[in-house]
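Asks: predicted model and sequence below, questions to follow.
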Amino acid sequence: MKKIISLFLLSLFFTSCSGQNSSTKKTPLDEQIYINNITQLALKTHLTIVASDEMEGRDTGSPGQKKAGRYLIEQYQKAGIPFPKGATSYYQPIPAAFLNAQYNENLGDSENIWAFIEGSEKPEEIVVVSAHYDHVGIKKGEVYNGADDDGSGTVALVEIAKAFQKAKNEGHGPKRSILIMHMTGEEHGLHGSRYYSENPLFPLKNTVADVNIDMIGRRDEFHTDSNNYIYLIGSDYLSTDLYNICEAANKKYINLTIDYKYNDRADKNRFYYRSDHYNFAKNGIPSVFLFNGTHADYHKATDKVEKIEFDALTKRTQLAFTIAWEIANRENRLVVDKDGK
């Protein structure tokens with residue numbers, strides 16, 4: 001009888017151990033699961049709030065912008081995505097004195113907002129994914145909602161962060177750390193990204209790349225027949241590796257038409273110098289800017305949610321995610337083999 005009981009207990013022990021091992025086992029890696037985690041429904045839900053009249057056009061330092069910022073932070077808290085190590089909150093405060101130093105526009109204190117997915121193998125190496133969450137506020141009693149500029153990039157960051165966090169939760173977290181950066185003050189002179197570049201939480205020498213998203217929810221006059229495109233700007237200015245990753249990630253996962261029209265250094269619009277990636281690029285950090293081009297509602301009160309093409313917004317957000325994914329998970333950090341000129 002004792003022998004039978006002992007064998008029974010031994011059997012239970014091995015069954016228990018087997019169950020524990022299976023519960024901690026990684027799920028098989030399938031990047032498409034995390035790409036598909038970025039959905040039209042989620043993006044529309046966020047953008048309907050972020051670009052609503054309630055946010056009063058999100059002008060830098062305004063109550064409406066701060067309200068939008070609180071909404072973003074709530075999304076990270078709900079998803080279990082922390083603020084970065086070394087920070088004391090989701091905010092990087094920027095004093096009014098800094099924001100007004102160049103143009104004296106009487107801006108109030110404002111904040112960059114950040115979230116963080118720590119890398120599993122090379123946590124000290126940082127991949128920044130950025131977008132500005134400010135817009136131009138209220139003019140002559142009209143709310144400038146900025147649904148495309150840059151509500152589209154703002155909500156893209158939230159869903160990109162959630163996709164990375166899901167991967168981490170399932171044992172496939174990025175090898176390098178992902179720093180999500182919602183920049184303030186872009187519309188007034190790239191102030192938020194300039195402040196970060198001058199006051200970085202992590203050393204700039206450890207920052208591998210910036211994937212910057214500014215206006216990805218519409219189409220422009222050069223693509224009236226299809227929204228299945230994206231402008232990439234700057235991907236080959238500092239790093240051949242970054243250019244190759246952008247091309248390969250698109251071909252492997254998304255299949256947008258990549259338009260390099262505005263990548264031309266002679267382009268009179270000079271878009272390369274007009275969004276937040278530039279404050280990383282000027283410091284020698286490989287950077288790529290995802291952009292849908294301008295349209296009739298650019299910087300007008302008519303840039304509203306109902307004009308957003310959510311199928312395009314979703315695919316472009318997914319592309320930004322896959323670019324960041326490939327940068328974060330490759331064996332070697334991007335090589336800077338060009339001078340950016």
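Replies: Perfect, I can see it now.
Asks: mind listing the strands for this structure?
Replies: The residue ranges that make up the strands of the chain, judged by DSSP state E, are 91-94, 110-117, 122-132, 138-139, 142-143, 176-183, 207-213, 229-233, 257-259, 287-291.
Asks: now do the second one, average pLDDT.
Replies: Spelled out, that is strand 110-117. Per-residue confidence for strand 110-117 averages out to 99 on the pLDDT scale.
Asks: what lines up beside that strand in the sheet?
Replies: Paired strands of strand 110-117, with direction, are strand 91-94 (antiparallel), strand 176-183 (antiparallel) (DSSP bridges).
Asks: for the longest one, what is the average pLDDT?
Replies: So that's strand 176-183. On average, the pLDDT along strand 176-183 is 99.
Asks: angle of that strand against strand 207-213?
Replies: Regarding strand 176-183 and strand 207-213, their directions subtend 40 degrees when assessed with axes from the mean of the first three to the mean of the last three C-alpha atoms, to 10 degrees.
Asks: tell me the buried residues in strand 176-183?
Replies: Across strand 176-183, burial judged by 16 or more other C-beta atoms under 10 Å covers 176-183. Using the backbone N, CA and C atoms, a C-beta is placed for each residue, glycine as well.
Asks: lowest average confidence, helix or strand, in the protein?
Replies: Across the helices and strands of the chain, mean pLDDT, DSSP states H and E gives its lowest value to helix 2-24, namely a mean of 41.
Asks: any stretches of the protein with poor pLDDT?
Replies: The model of the chain has pLDDT under 70 over residues 1-26.
Asks: show me the helices in it, by range?
Replies: Using DSSP state H, the helices of the chain run over residues 2-24, 31-36, 40-50, 63-78, 96-99, 153-169, 191-198, 240-249, 278-281, 310-329.
Asks: any idea what sits nearest residue 123, other than its immediate chain neighbours?
Replies: When the adjacent residues along the chain are set aside, residue 123 lies closest to residue 177, with 5.0 Å between them (C-beta to C-beta, 6 or more residues apart in numbering).
Asks: for beta bridges, what are the partners of the one you found?
Replies: For residue 177, the beta-bridge assignment (DSSP bridges) gives partners residue 126.
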